[in-house]
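Visitor: I would like to see how this sequence folds:
(one chain, ligands or ions: 2)
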Amino acid sequence: SAERTVVEHLYKVLVIGEFGVGKTSLIRRYTEGYFSPNYKLTIGVDFALKSLDWDENTRVNLQLWDIAGHERFGHMTRVYYKYAIAAVIVFDLSRPATFDSVLKWSTDVHEKVMLANEQPVPLLLLANKCDLPDTVLDADMLDHFCKENKFIGWFGTSAKDDTNVTDAMSYLVETILQLT
Ligand code: GDP
Ligand code: MG
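Guide: Ligands and ions are numbered 1, 2, ... in the order given. Have a look, this model is predicted:
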């Protein structure tokens, strides 16, 4: 018969980083396919879904959690992170101070959530707003940073121009599927 079994996964992915780095814009770009310069600021817990027909037998439903309005605290609660399988940490290439916060966020994640097998949650780094003039991607530095701090990798992204957003998320899903 033509019947086949499709395995369906639901993955909770955290999208974190400082206020204004483009988390909401990246999530909207990825899940809705457009960029708007003025999304309403939502305060509270907010997530968006993206369904991917990964291959013939695998469907991946990504639940992207936007920390919406809680950035100022610099950390989230354990309850919020619970059951997350990965985290995307975003910084803004035009504001170096937002890169300085990346480690603070990664520490917060590792302190509060781990995978079911007690391994650390994989972290992906996004250097966002690469469309802006005068931004420079220091690939060697970012490679080194990821290696040193056990990030699975980094991408230079633009939610505005749709640069690398899909590629970055596909890379993350690939990593998650290898874990499970
Ligand atoms: P969040 O606070 O991290 O959720 O950041 P937002 O998604 O609200 O974005 C903050 C500001 O940066 C908004 O004015 C966005 O329009 C702008 N922004 C977000 N992503 C990009 C990008 O890739 N390029 C440019 N030029 N601006 C962006
Ligand atoms: Mg936001």
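Visitor: any idea which element the spatially most central residue of the chain lies in?
Guide: In the chain, the residue lying closest to the centroid (CA atoms, centre = their mean) is Val88, at 2.5 Å. Using DSSP states H and E, the element containing Val88 is strand 84-92.
Visitor: partners of that strand in the sheet?
Guide: Strand 84-92 has the following sheet partners, assigned by DSSP bridges: strand 7-17 (parallel), strand 123-128 (parallel).
Visitor: Make a markdown table out of those strands and add mean neighbour count, distance to ligand 1 and mean pLDDT.
Guide: From N, CA and C alone the C-beta is placed, and that goes for glycine too. What follows is the strands paired with strand 84-92, written out as a markdown table (neighbours: other CB atoms under 10 Å; distance: least, CB to the nearest ligand atom, whole Å; pLDDT from 0 to 100):
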| stretch | mean neighbour count | distance to ligand 1 | mean pLDDT |
| --- | --- | --- | --- |
| strand 7-17 | 20 | 6 | 96 |
| strand 123-128 | 26 | 5 | 98 |
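Visitor: So which of the ones you listed is nearest Thr77?
Guide: Taking CB to CB, strand 7-17 is the member of the strands paired with strand 84-92 nearest to Thr77, at 12.0 Å.
Visitor: helix or strand right after the closest one?
Guide: Taking DSSP H and E, what comes next after strand 7-17 is helix 23-32.
Visitor: Quick check: buried residues in the strand holding Val88?
Guide: Ala84, Ile85, Ala86, Ala87, Val88, Ile89, Val90, Phe91, Asp92 (16 or more other CB atoms under 10 Å).
Visitor: Farthest pair within these?
Guide: Ile85 and Asp92 (25.2 Å).
Visitor: okay, now the residue in the chain positioned nearest to ligand 2: neighbour count?
Guide: Proximity of the chain to ligand 2 (CB to the ion) peaks at Thr24, 3.2 Å away. Taking other CB atoms under 10 Å as the neighbour definition, Thr24 ends up with a count of 22.
Visitor: Could you list the buried residues of the helix ranked longest in the chain?
Guide: For the chain, the helix with the greatest residue count under DSSP state H is helix 165-179. Judged by neighbour count (16+ other CB under 10 Å), helix 165-179 contains these buried residues: Val165, Ala168, Met169, Tyr171, Leu172, Val173, Ile176.
Visitor: For this structure, list the residues in contact with ligand 1, please.
Guide: Counting by CB under 6 Å from any ligand atom, the positions of the chain adjacent to ligand 1 are 19-25, 37, 39, 128-129, 131-132, 158-160.
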